[in-house]
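Visitor: Quick check, what structure comes out for this input:
(one chain, ligands or ions: 2)
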Amino acid sequence: MSEHSHQCVIIGIAGASASGKSLIASTVYKELKEKVGDHQIGVITEDCYYNDQSHLTMEERVKTNYDHPNALDHDLLCDHLEQLIAGNAVEVPRYSYSEHTRMAETTTLTPKKVIILEGILLLTDPRLREIMHASVFMDTPLDICLLRRLQRDVAERDRTMESVLAQYQKTVRPMFMQFIEPSKQYADIIVPRGGKNRIAIDVLKAHIAKLLRA
Ligand SMILES: Nc1ncnc2c1ncn2[C@@H]1O[C@H](COP(=O)(O)OP(=O)(O)O)[C@@H](O)[C@H]1O
Ligand SMILES: O=c1ccn([C@@H]2O[C@H](COP(=O)(O)O)[C@@H](O)[C@H]2O)c(=O)[nH]1
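Guide: Ligands and ions are numbered 1, 2, ... in the order given. Presented below is the predicted three-dimensional model:
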């Protein structure tokens, strides 16, 4: 990963769906924010950069392969990260998992000293690998990810058990094997078990705290 000195340093967290990326990112963010304030640190979710599909019918949207790199607008994500590094605010898109498209509203994100970026396909893109100062891969066993995804998507993403299982077999697992697992080689830190790994949380907090003091 690059070592250049930016106004804004990007730390990436990749791994399978439901491997605990959001949980570890939000835990590190919340615990550090209490000490340093939210002007110093922020979080971006790659999921916010799924392609806008408002021109498609719902029937067409559910057919999209959301686990393939083509489903994501990495051009816009790279542009936003470069803007933040240059010291400019950006309008982060909001994404609806139930509508499978972008929402009308955006979230304004001002430049921070450290941005935690989390998402399944971050390490597959050489441009993002170059932008990230350091990267983490959540190495949670796939059967555990499936159990956690099933519970989460039914409870929080308006999904049925049948739709989660069908999508898992059709795209989630095959795309993990084809794209996500091979990208693990690019990570600086491999985290086992999931988003509650206290040692991993503390290591990330210590690394980010050092960057904030620099
Ligand atoms: N170590 C863990 N123990 C128990 N539940 C976990 C653990 N890590 C994550 N989870 C839960 O699993 C689900 C998926 O985690 P999440 O952080 O949303 O994954 P991701 O962002 O990688 O898709 C969430 O409901 C989360 O609370
Ligand atoms: O419209 C959508 C967009 C995404 N997905 C699924 O989401 C996961 C990625 O999000 P995680 O928070 O990392 O789980 C990806 O596996 C897509 O399959 C979706 O189902 N519908």
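Visitor: Contacts only, for residue 8.
Guide: Contacts of residue 8 were listed using CB atoms under 8 Å, 6 or more residues apart in numbering, and they are 84-85, 87, 111-115. Glycine gets a C-beta too; all of them are placed from N, C-alpha and C.
Visitor: what about this structure, any weak spots by pLDDT?
Guide: Counting by pLDDT under 70, the chain shows low-confidence ranges at 1-6.
Visitor: Please pick the buried ones from the contacts of residue 8.
Guide: Neighbour counting by 16 or more other CB atoms under 10 Å classes 84-85, 111-115 among the contacts of residue 8 as buried.
Visitor: which one of those residues is nearest residue 21?
Guide: Nearest to residue 21 among the buried ones among the contacts of residue 8 is residue 115, at 14.2 Å by CB to CB.
Visitor: So which of the contacts of residue 8 sit within strands?
Guide: Within those, residues falling in strands by DSSP state E are 114-115.
Visitor: returning to what we had before: is it possible to get CSV of the buried ones among the contacts of residue 8 that adds distance to residue 164?
Guide: Shown next, in CSV, are these (distance: CB to CB, whole Å):
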residue, distance to residue 164
84, 34
85, 37
111, 37
112, 34
113, 38
114, 33
115, 30
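Visitor: Of those residues, which is the nearest to ligand 1?
Guide: Using CB to the nearest ligand atom, residue 115 is the member of these that lies nearest ligand 1, at 16.2 Å.
Visitor: Show me the helices in the protein, by range?
Guide: Assigned by DSSP state H, the chain shows helices spanning 21-36, 58-61, 74-85, 126-131, 142-156, 161-167, 173-175, 198-213.
Visitor: what would the ones you listed look like in CSV with distance to ligand 2?
Guide: Formatted as CSV, the helices of the chain follow (distance: least, CB to the nearest ligand atom, whole Å):
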stretch, distance to ligand 2
helix 21-36, 6
helix 58-61, 7
helix 74-85, 14
helix 126-131, 15
helix 142-156, 6
helix 161-167, 6
helix 173-175, 8
helix 198-213, 17
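Visitor: of the ones you listed, which approaches residue 45 most closely?
Guide: When these are compared by CB to CB, helix 21-36 sits nearest residue 45, at 6.9 Å.
Visitor: quick one: contacts for the residue lying closest to residue 135 once chain neighbours are set aside?
Guide: Excluding the flanking residues, the one nearest residue 135 by CB to CB, 6 or more residues apart in numbering is residue 12, at 4.1 Å. Neighbour list for residue 12: 117-118, 122-123, 128, 132, 134-136 [criterion: CB under 8 Å, 6+ apart].
Visitor: Given the strand ranked longest in the chain, what are its sheet partners and their directions?
Guide: As assigned by DSSP E, the longest strand anywhere in the chain is strand 101-109. Strand 101-109 has the following sheet partners, assigned by DSSP bridges: strand 90-96 (antiparallel).
Visitor: list the buried ones in the strand it pairs with?
Guide: Here strand 90-96 shows 90, 92-93, 95 as buried, counting by 16+ other CB under 10 Å.
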